[in-house]
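A.B. asks: the sequence and its predicted three-dimensional model are supplied below.
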Amino acid sequence: MCGIVAYSGPKETLPLLVNGLSRLEYRGYDSSGVAVVSSEKLFIEKKSGKLSQLKDALEGNTTDGNVGIGHTRWATHGIPNDENAHPHQNEDNKFALVHNGIIENYVQIKEALLNDGIDFTSDTDTEVVAQQLAKEWDGDLLSTTIGVAKNLKGTYALVVVTEHEPDTIVAGRMMSALVLGVGEGEVFLASDSAAILEHTNKMIFLENGDFVEIHDGSYKLFDSDMNEIQREIQIIDWEVSEAE
């Protein structure tokens, strides 16, 4: 079990991500990390250990990006260290993603990528998804992510950003929790409503096979065939302490 948080909107992104991760640390405390698309470049920081290690590493850092993702990890593949921490990137650092779940066929995917000459920097199942996204890039983050996800066996909540579409987040879910928070001109994603409840009480609990494209603080939902779908917005009347 790992924790995911993501944001698209006008607020300063890094503090919001770190605050969300602090409410998700119970889901994973081996390592943590963030990625923000800043000035069309990916800023990434990740550290093994508790969230305090990441906070220390981020001290004094600011970014001008309004799209970001964060993760706190409970290790399943690969020991807890900086390299195995999320977010994971592809070989030329154009894609970054966070993942909760287990990719059961990652060995087969990794072997094919190694045969293509791709170098890996971690021992995780997640990195193969980042590398595969770059390999299959078709010019559109939503269709590329759905195409890659169709060949994944196992469980996942995936949240992806790329320098190619600096204002966009794409996420999908299969047997791993992912909730969409709808604010005023801003959108959140998290593994648990407690991470974002202080910002909005309007939530959409994604279903298996759902994908979401978030752009400039708005969102659209799709199924795995790229058909646009609708999901009910639920009003959560819990306090943050109750959600936790």
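C.D. replies: Sure thing, it's come through.
A.B. asks: now the farthest one out in this protein, which residue is it?
C.D. replies: No residue in the chain sits farther from the centre than Asn115, which is 27.1 Å out by Cα atoms, centre = their mean.
A.B. asks: which residues touch it?
C.D. replies: Neighbouring residues of Asn115 by Cβ atoms under 8 Å, 6 or more residues apart in numbering: there are none. Placement of C-beta: from N, CA and C, glycine included.
A.B. asks: do His99 as well
C.D. replies: Residues in contact with His99 (Cβ under 8 Å, 6+ apart) are 2, 4, 71, 86, 88, 125-126, 129, 156-159.
A.B. asks: put together a markdown table for these, with distance to Asp138, pLDDT and secondary structure on each row.
C.D. replies: Output for the contacts of His99, formatted as a markdown table (distance: Cβ to Cβ, whole Å; pLDDT from 0 to 100; DSSP: H, G, I helix; E, B strand; the rest coil):
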| residue | distance to Asp138 | pLDDT | secondary structure |
| --- | --- | --- | --- |
| Cys2 | 28 | 86 | coil |
| Ile4 | 25 | 97 | strand |
| His71 | 26 | 94 | strand |
| His86 | 24 | 90 | coil |
| His88 | 20 | 97 | strand |
| Asp125 | 23 | 94 | coil |
| Thr126 | 21 | 96 | coil |
| Val129 | 16 | 98 | helix |
| Tyr156 | 20 | 97 | strand |
| Ala157 | 23 | 97 | strand |
| Leu158 | 17 | 98 | strand |
| Val159 | 19 | 98 | strand |
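A.B. asks: between these, which is closest to Glu232?
C.D. replies: Ala157 (19.4 Å; Cβ to Cβ).
A.B. asks: Ser38 contacts Asp64, correct?
C.D. replies: Yes: look at Ser38 against Asp64 with Cβ atoms under 8 Å: they come within range, at 5.5 Å.
A.B. asks: tell me which of those two has more neighbours.
C.D. replies: Higher neighbour count among Ser38 and Asp64: Ser38, with 20 against 11, using other Cβ atoms under 10 Å.
A.B. asks: please convert the contacts of His99 to JSON lines, extending it with neighbour count and distance to Thr200.
C.D. replies: Formatted as JSON lines, those follow (neighbours: other Cβ atoms under 10 Å; distance: Cβ to Cβ, whole Å):
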{"residue": "Cys2", "neighbour count": "24", "distance to Thr200": "22"}
{"residue": "Ile4", "neighbour count": "31", "distance to Thr200": "16"}
{"residue": "His71", "neighbour count": "32", "distance to Thr200": "21"}
{"residue": "His86", "neighbour count": "32", "distance to Thr200": "24"}
{"residue": "His88", "neighbour count": "28", "distance to Thr200": "28"}
{"residue": "Asp125", "neighbour count": "24", "distance to Thr200": "32"}
{"residue": "Thr126", "neighbour count": "27", "distance to Thr200": "28"}
{"residue": "Val129", "neighbour count": "25", "distance to Thr200": "28"}
{"residue": "Tyr156", "neighbour count": "24", "distance to Thr200": "24"}
{"residue": "Ala157", "neighbour count": "23", "distance to Thr200": "19"}
{"residue": "Leu158", "neighbour count": "27", "distance to Thr200": "22"}
{"residue": "Val159", "neighbour count": "31", "distance to Thr200": "17"}
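A.B. asks: list just the nearest of those residues to Asp119.
C.D. replies: After measuring these against Asp119 - Cβ to Cβ - the closest member comes out as His88, at 13.3 Å.
A.B. asks: from Glu59, how far out is the closest one?
C.D. replies: Distance, His88 to Glu59, by Cβ to Cβ, to the nearest Å: 24 Å.
A.B. asks: do the same with Glu198
C.D. replies: 23 Å.
A.B. asks: contacts only, for Ala134.
C.D. replies: 90-92, 94-95.
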